[in-house]
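S.K.: turn this into a structure:
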Amino acid sequence: GVTRLLLTRIPFFKEIIVSSFSCGSCSWSNTEIQSAGRIQEQGVCYTLAVTSRQDMNREVVKTDCASARIPELDFEIPAFSQKGVLTTIEGIIDRAVAGLEQDQPARRETDKEVARKIDEFIGKLRQLKEVSSPFTFILDDPSGNSFVENPHAPQRDQALVVTHYRRSPQQCALLGLESETCSVEIPELEFELGMGALGGKFTTLEGLLKDIRDLVEKNPFTLGDSSTPSRTGKLQEFLGKLQDVKGKAQAHVIMDDPAGNSYLQNVYAPEEDPELSVQRYQRSFEQNEELGLNDMRTEGYETQPPSGR
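M.R.: Numbering: from 1, shown residues only. Purely as a prediction, here's the structure:
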């Protein structure tokens, strides 16, 4: 088969990579999209009131971590259940219908009642394409990289509501983001970076080391005019050792997150990674204090009298 990649830019959005695969032998073909940028600072939720056939032709970028919902039918396409795709509202409905129809012949033989209900639901999805009555289309992407076209851009679209929101810890973990509460330690360099110094991010181990190097280099109190020659020499030596870790020297990188929201990829998955150790532990009192958990009441708060002012 042949895979083709195209870097394209969507107006009033951002750049994406469109990939297409086709096989001349078996006639199999597939398309998907990937974001050409980073995970955004905030998640995004698009809520569109579909009232006409023109709305069905709106361009949609749906990443693999985005979920799509139609509340009127109590229908949802969960996150990570499909590959990223560049399509339209109608195209998303067509893909959902195709997915539901895929195993219908077998269901009609094994469970006729379930097959009948699915056929009824498929009929409802197809009726949506006629827009005989308005419905709501909701696209929720915690990565912030999905998109629903505004045909009136740069003017405001009265039918489309775009909401940016702060990701929850669960969504950050789902995206594999390094948590803001994570500390990083490299024992061979006698180096430790406390929680909150770099902020939460989605990166590689090499990218994390580069961010640490940039943080040290840009600190005016360590390498600026106010720094002493001895301190400058030690920092330059440290930066050299840190650079060696990226390709020459061996070292251990320890990520410690008391909130449990960090993640390091296992490149051997689903097998165990011989170079990776994951340990879960009970937080100490000091760690709970830093996270603000010691003063949090989870029982009996309903009966607590209001504090006087």
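
S.K.: ok, so what distance separates the spatially closest residue to V2 that is not a sequence neighbour from G84?
M.R.: Leaving aside its chain neighbours, V2 sits nearest to S22 (5.9 Å; criterion: CB to CB, 6 or more residues apart in numbering). Bear in mind the C-beta positions are built from the backbone N, C-alpha and C, glycine included. From S22 over to G84 the distance is 18 Å, taken as CB to CB, to the nearest Å.

S.K.: which of those two has more neighbours?
M.R.: More neighbours surround G84 than the other of S22 and G84, with 21 against 14 (other CB atoms under 10 Å).

S.K.: just read off the phi/psi values of that one.
M.R.: The phi/psi pair for G84 (degrees, to the nearest 10) reads phi -60, psi 150.

S.K.: residues of the strand or helix carrying S230 that come out buried?
M.R.: In the assignment (DSSP states H and E), S230 maps to helix 229-245. Buried residues in helix 229-245, counted by 16 or more other CB atoms under 10 Å: L235, F238, K241, L242, V245.

S.K.: which residues does the third one contact?
M.R.: By CB atoms under 8 Å, 6 or more residues apart in numbering, the contact list for K241 reads E188, L189, A249.

S.K.: mind doing that once more with 7 Å?
M.R.: Neighbouring residues of K241 by CB atoms under 7 Å, 6 or more residues apart in numbering: L189.

S.K.: pLDDT score for it?
M.R.: K241 carries a pLDDT value of 85.

S.K.: how many neighbours does A251 have?
M.R.: A251: 15 surrounding residues under other CB under 10 Å.

S.K.: separation between it and A115?
M.R.: Counting by CB to CB, the separation of A251 from A115 is 58 Å.

S.K.: show me where the stretch 201-309 of the chain has its helices.
M.R.: In the stretch 201-309 of the chain, the helices defined using DSSP state H, counting those that start in this stretch lie at 205-217, 220-223, 229-245, 285-290.

S.K.: in the first one, which residues are buried?
M.R.: Residues of helix 205-217 classed as buried by neighbour count (16+ other CB under 10 Å): L208, L209, D211, I212, R213, V216.

S.K.: G43 versus the last one, what's the distance?
M.R.: It stands for V216. Distance, V216 to G43, by CB to CB: 31 Å.

S.K.: low pLDDT regions in the stretch 101-250 of the chain?
M.R.: Filtered on pLDDT under 70, the stretch 101-250 of the chain yields the residue ranges 173, 176-179, 196-199, 219-228, 231.
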